[in-house]
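> Show me the folded form of this:
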Amino acid sequence: MRRAPRAGALALAAFLAGSVAARPQAAPARSVEPPIPRACAVLEAGMARTLAPGVAIAVSRNGRLLWSGVEGLADVELDVPVVRSTRLRVGSVSKPLTATALGILVEEGRLDLDAPVQRYVPDFPRKDWPITARQLAGHLAGIRHYEGDEFLIRDHYPNVRASLAIFEKDALLFEPGTRFSYSSYGWNLLSAVIEGASGEPFLAFMEKRVFRPSGMTHTCADEVTPIVPGRSGFYTRDEAGAVVNAGYVDNSYKWAGGGFLSTAEDLVAFGNALLEGRLLKQETRALLWTSQKTSDGKDTEYGIGWTVDRDSRGRPRVRHSGGAQGGTANLVIYPAERLVLAMLVNSGESFTGRAPQIAEMFLDE
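Prediction:
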């Protein structure tokens with residue numbers, strides 16, 4: 001097994017050897033270390049601490065790729081390295097992708113975010129209160145999240161409507177709008193809403209209207225049966241701390257909220273497509289990137305598929321983290337500075353939570 005380098009210089013050399021970085025322009029000497037070596041040190045420390053086999057990271061500013069780095073193994077048993085086209089699980093970073101589909105349908109007048117979901121999914125059971133797509137997309141609808149071992153479901157669901165059977169008979173946790181409660185199952189229901197509003201299968205709509213226009217050539221559903229070129233192995237650690245294969249899971253039960261594969265460069269391309277207005281109009285993008293409020297007026301710091309907050313210097317940003325069986329990810333966008341950073345790791349034991357910190361390094365340069 002290829003091990004994470006012990007020395008910082010070796011780790012930096014490995015990352016730069018597998019990286020594409022913009023050629024720096026001549027500039028006066030600075031007292032602050034450039035961001036790529038500093039970021040490499042964070043990644044090296046994370047890999048050493050978690051024993052995560054592989055990582056991919058990409059950063060762009062003003063639509064220009066500044067850095068695309070990879071390190072470690074995509075397949076530990078076969079000693080296959082991570083490359084820039086390696087497809088990793090992105091977990092809940094799937095939600096911003098799906099949110100874009102919602103925005104497209106709103107722009108086209110085919111989706112009313114404030115209509116009861118039964119307008120688009122007529123056979124979804126009615127609850128004590130009506131539920132809207134806006135509430136679902138902001139985790140305000142009262143739909144429950146995973147329970148027990150549901151994060152590890154192995155059953156195959158032939159379509160998104162079938163996956164609603166997991167929770168559709170359950171009562172709401174609270175009156176919609178009164179509380180924020182994170183729910184990936186709410187996004188299952190949103191994928192059915194997208195099908196009802198568009199008249200197309202969810203995955204086909206995502207490919208045609210979100211992935212392809214964004215230039216996301218290595219993003220797809222994590223389907224278990226097809227051969228998916230470049231798909232990584234997925235890992236975790238056992239009770240003794242050793243790296244082991246993550247358990248089998250069939251993500252067909254949660255495409256919209258946590259079931260996609262992607263690359264760091266694809267996610268950066270997606271962020272730039274949003275910033276450049278190639279996917280959504282500016283006002284629609286602002287709708288997604290504005291914090292919703294509970295019925296008593298409190299900000300939730302979550303818009304439509306995006307966390308909406310500020311960094312340590314008060315700069316507005318939108319972001320989303322993701323965790324799946326054997327994979328973690330983080331996508332960070334600074335709209336005003338037009339900076340996009342994506343980071344993916346093929347382990348449930350991960351350090352992608354450092355992605356916002358690394359993004360700040362590039363802004364502070």
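
> for the record, mean pLDDT for whichever strand or helix holds Ala269?
Using DSSP states H and E, Ala269 falls within helix 264-275. Mean pLDDT, helix 264-275: 98.

> Same check on stretch 95-109?
On average, stretch 95-109 scores 98.

> quick one on the thing from earlier: now the element after the helix holding Ala269, going C-ward?
Immediately after helix 264-275, counting by DSSP H and E, sits helix 282-288.

> the helices in the stretch 1-150 of the chain, which residues?
Under the criterion DSSP state H, counting those that start in this stretch, the stretch 1-150 of the chain contains helices at 8-17, 35-50, 94-107, 133-137.

> Which of those helices sits closest to Gly305?
helix 94-107 (2.6 Å; Cβ to Cβ). To be clear about C-beta, it is placed using only N, CA and C from the backbone, and glycine gets the same treatment.

> tell me the contacts of the spatially most central residue of the chain?
Residue closest to the mean C-alpha point of the chain, counted by Cα atoms, centre = their mean, is Val93 at 1.2 Å. By Cβ atoms under 8 Å, 6 or more residues apart in numbering, the residues touching Val93 are Phe260, Ser262, Leu267, His320, Ser321, Gly322, Ala329, Asn330, Leu331, Ala342.

> what do you get for Phe211?
Counting by Cβ under 8 Å, 6+ apart, Phe211 makes contact with Leu97, Thr219, Cys220.

> quick one: which of the residues you listed is nearest Glu283?
Nearest to Glu283, judged by Cβ to Cβ, of the contacts of Phe211 is Leu97 at 19.9 Å.

> give the contact list for the nearest residue to the closest one once chain neighbours are set aside.
Take Leu97 and drop its neighbours on the chain: the residue closest to it by Cβ to Cβ, 6 or more residues apart in numbering is Val210, 5.9 Å away. Contact analysis of Val210 by Cβ under 8 Å, 6+ apart lists Leu97, Thr100, Ala101, Ile104, Met216, Phe270, Leu279.

> ok, Val70 to Glu265 distance?
Using Cβ to Cβ, to the nearest Å, we find Val70 at a distance of 10 Å from Glu265.

> What segments of the stretch 151-300 of the chain are helices?
160-163, 185-198, 202-206, 212-214, 255-258, 264-275, 282-288.

> How far does the fourth one sit from its chain's centre?
Per Cα atoms, centre = their mean, to the nearest Å, the displacement of helix 212-214 from the mean C-alpha position of its chain is 16 Å.

> Pass me the low-pLDDT residue ranges in the chain, would you?
1-33 (pLDDT under 70).

> okay, the contacts of Val93 in a markdown table with neighbour count next?
Shown next, in a markdown table, are the contacts of Val93 (neighbours: other Cβ atoms under 10 Å):
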| residue | neighbour count |
| --- | --- |
| Phe260 | 33 |
| Ser262 | 28 |
| Leu267 | 32 |
| His320 | 23 |
| Ser321 | 20 |
| Gly322 | 24 |
| Ala329 | 28 |
| Asn330 | 30 |
| Leu331 | 31 |
| Ala342 | 30 |
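
> What is the nearest of the residues you listed to Pro53?
Closest to Pro53, out of all of the contacts of Val93 and judged by Cβ to Cβ, is Ala329, at 14.9 Å.

> Report the inter-axis angle for the longest strand seen in the chain versus helix 35-50.
When the chain is parsed with DSSP state E, its longest strand is strand 64-75. Computed by axes from the mean of the first three to the mean of the last three Cα atoms, to 10 degrees, the angle separating strand 64-75 from helix 35-50 equals 20 degrees.

> Strand 64-75 pairs with which strands?
strand 20-21 (antiparallel), strand 54-61 (antiparallel), strand 80-81 (antiparallel) (DSSP bridges).

> highest average neighbour count across those strands?
Greatest average neighbour count among these goes to strand 54-61 (a mean of 26), per mean count of other Cβ atoms under 10 Å.

> pull the CA atoms of it into PDB?
Extracted in PDB, the C-alpha atoms of strand 54-61 (Å, rounded to 0.1, in the frame of the first residue of the first chain):
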ATOM      1  CA  GLY A  54      -6.800   9.600  -1.700                       C
ATOM      2  CA  VAL A  55      -7.700  13.300  -2.100                       C
ATOM      3  CA  ALA A  56      -8.500  15.600  -5.000                       C
ATOM      4  CA  ILE A  57      -8.800  19.400  -4.800                       C
ATOM      5  CA  ALA A  58      -9.400  22.100  -7.400                       C
ATOM      6  CA  VAL A  59      -9.500  25.900  -7.100                       C
ATOM      7  CA  SER A  60     -10.500  28.600  -9.600                       C
ATOM      8  CA  ARG A  61     -10.800  32.300  -9.500                       C
END
